[in-house]
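Asker: Dropping the sequence and predicted coords here.
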Amino acid sequence: MKWAVRITEPYIGVEEVEAVKRVLLSGWLAHGPLVERFEEEFARVAAARHAVAVSSGTAALELMLRAAGVGPGDEVIVPAFTFIATANAVLAVGARPVFADIELDYYTVDPDSVAENITGRTKAIIAVHLYGHPADMRALRDLAEDHRLLLFEDAAQAHGASTPEGPVGGLGDAAAFSFYATKNMTTGEGGMVTTNDDELARRVRLLRDHCQERKYLHVCLGFNYRMTSMQAALGLVQLRRLRALNEARRRNASLLTRMLAGTGLILPRERPGYTHVYHQYVVRVDPGRVGVTRDELAARLASRGIQTAIHYPRPIPDQPLYRSLGYPPSSRIAPRALLASRQVLSLPVHPKLRRRDVELVAEEVRKALEGGV
């Protein structure tokens, strides 16, 4: 199908092309000094002492947990409503994910639900800054300190987002970022671990490179989770664009919110003092309020050339993997996550959209709600 407006498009300009071309012509394609430069500049943006570049956001999650000593016998509390990588990284290190429910206003983990799930085996909490909105890190940090737990951030969708305490990435013991093609900034694939803990950063660096303390001296079980110089070159340019790209997302989101007011859709909210960077602009479609289901609205918009997406159609506990592991359904342990999964719909908000594109999206949403296909 030819879309009038696509749900996402990476913002790649001449500078990105030239930066990657220089690396290709240099012959130094693998991990090198450009990666270190990228790490240094990213650490400043995240207000963290260290940034360690890796091969993907999932690798960042796994290495952050391994470096912090999370493993068999431990429980890690994660939100039931997010991309599955957050929970799978816990499984990958031999620990057990425990699912907490979300706050429907922000789609981030509910601190009260986290508190209810803390046991004697709980080692850590992972707060996901879903859709670009930071989780309630102040409340989660208080819980972590009271129970002597590690607090991690999954910031895969939240580059440049901030809270009253500072930008995401430096608010817990460590944070994981993704640079997948659809993220607010991209290296195609790639990830980053940020932390203020010197020892944790040292261990992540070891683990990403087969635990080589020096060449061919391997001191533990490690992996090849390195970032390439080509990715770093792309990332350096994207990082310098990040503020402008996020401002464009926020402008587009503000316009959508104004134009969709009064439709009956449940529109995104921003916690006071927080900066939402709108990796996704997510509405909730309550049939009792608008007279159509989420899937009906998505189909009507598709017929009008407006691409939408569902992030995410089922909570993690309801995935076949987790049902096979004996987890109860989300209807029992995370009912708000289940409700969100049935109602959320992502509308285009990416920075390549022009004002008339955003206006078209809003107009077509109104028409689809009012008159059908």
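Answerer: Arrived safely, thanks for sending.
Asker: Can you list the helices and strands that the longest helix seen in the chain packs against?
Answerer: Determined from DSSP state H, the single longest helix within the chain is helix 229-260. The helices and strands touching helix 229-260, judged by 3 or more C-beta pairs under 8 Å, 6 or more residues apart in numbering; DSSP states H and E, are helix 14-26, helix 33-45, strand 50-54, strand 281-284, helix 355-371. Placement of C-beta: from N, CA and C, glycine included.
Asker: Go again with 6 Å.
Answerer: Packed against helix 229-260 by the contact rule (3 or more C-beta pairs under 6 Å, 6 or more residues apart in numbering; DSSP states H and E) you find helix 14-26, helix 33-45, helix 355-371.
Asker: and Thr263, which of the ones you listed is closest to it?
Answerer: helix 355-371 (5.8 Å; C-beta to C-beta).
Asker: Tell me which residues are up against that closest one.
Answerer: Applying C-beta atoms under 6 Å, 6 or more residues apart in numbering, the set of residues contacting helix 355-371 from outside is 5, 252, 255-256, 259-260, 263, 290, 297, 300-301, 304, 306, 347-348.
Asker: now that helix, how far from the centre of its chain.
Answerer: 27 Å (C-alpha atoms, centre = their mean, to the nearest Å).
Asker: so that helix versus helix 229-260, what angle?
Answerer: Comparing the axes of helix 355-371 and helix 229-260 via axes from the mean of the first three to the mean of the last three C-alpha atoms, to 10 degrees yields an angle of 50 degrees.
Asker: Just the buried residues of helix 355-371, please?
Answerer: 357-358, 360-362, 364-365, 368-369 (16 or more other C-beta atoms under 10 Å).
Asker: Tell me which helix or strand comes right after the longest strand anywhere in the chain.
Answerer: Longest strand of the chain, by residue count under DSSP state E: strand 122-128. Once strand 122-128 ends, the next helix or strand along the chain (criterion: DSSP states H and E) is helix 137-147.
Asker: got the angle for that following helix vs strand 122-128?
Answerer: Using the same axes, to 10 degrees: helix 137-147 against strand 122-128 is 180 degrees.
Asker: and helix 137-147, which residues are buried?
Answerer: Residues 137, 139-141, 143-144 are the ones in helix 137-147 that count as buried (16+ other C-beta under 10 Å).
Asker: Kindly indicate which of these lies nearest Val282.
Answerer: Comparing these against Val282 with C-beta to C-beta places Met137 closest, at 20.2 Å.
Asker: show me the contacts for that closest one.
Answerer: Contacts for Met137 (C-beta under 6 Å, 6+ apart) come out as 163, 171.
Asker: Over to the one 10 residues further on?
Answerer: His147 sits next to Ile118 when contact means C-beta under 6 Å, 6+ apart.
Asker: now the buried residues of helix 137-147 as TSV including distance to Tyr106 and pLDDT?
Answerer: Below are these laid out as TSV (distance: C-beta to C-beta, whole Å; pLDDT from 0 to 100):
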residue	distance to Tyr106	pLDDT
Met137	12	98
Ala139	12	98
Leu140	13	98
Arg141	17	98
Leu143	17	98
Ala144	19	98
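Asker: Relative to Ala92, how far out is the residue lying closest to Val277 once chain neighbours are set aside?
Answerer: Excluding its sequence neighbours, the residue lying closest to Val277 (C-beta to C-beta, 6 or more residues apart in numbering) is Gly132, at 4.0 Å. Applying C-beta to C-beta, to the nearest Å, the value for Gly132 to Ala92 is 25 Å.
Asker: For these two, indicate the residue with more neighbours.
Answerer: When Gly132 and Ala92 are compared for neighbours, Gly132 comes out ahead with 28 against 16, by other C-beta atoms under 10 Å.
Asker: Count the residues that sit near the closest residue to Met185 other than its chain neighbours.
Answerer: Spatial nearest neighbour of Met185, excluding adjacent residues (C-beta to C-beta, 6+ apart): Gln238 at 4.0 Å. For Gln238, the count of nearby residues is 25 (other C-beta under 10 Å).
Asker: Does Gln238 touch Lys183 like I think?
Answerer: No. If you go by C-beta atoms under 6 Å, Gln238 and Lys183 don't touch, sitting 9.2 Å apart.
Asker: And the helices in the stretch 51-200 of the chain?
Answerer: Secondary structure of the stretch 51-200 of the chain by DSSP state H, counting those that start in this stretch: the helices cover 57-67, 85-92, 111-116, 137-147, 198-207.
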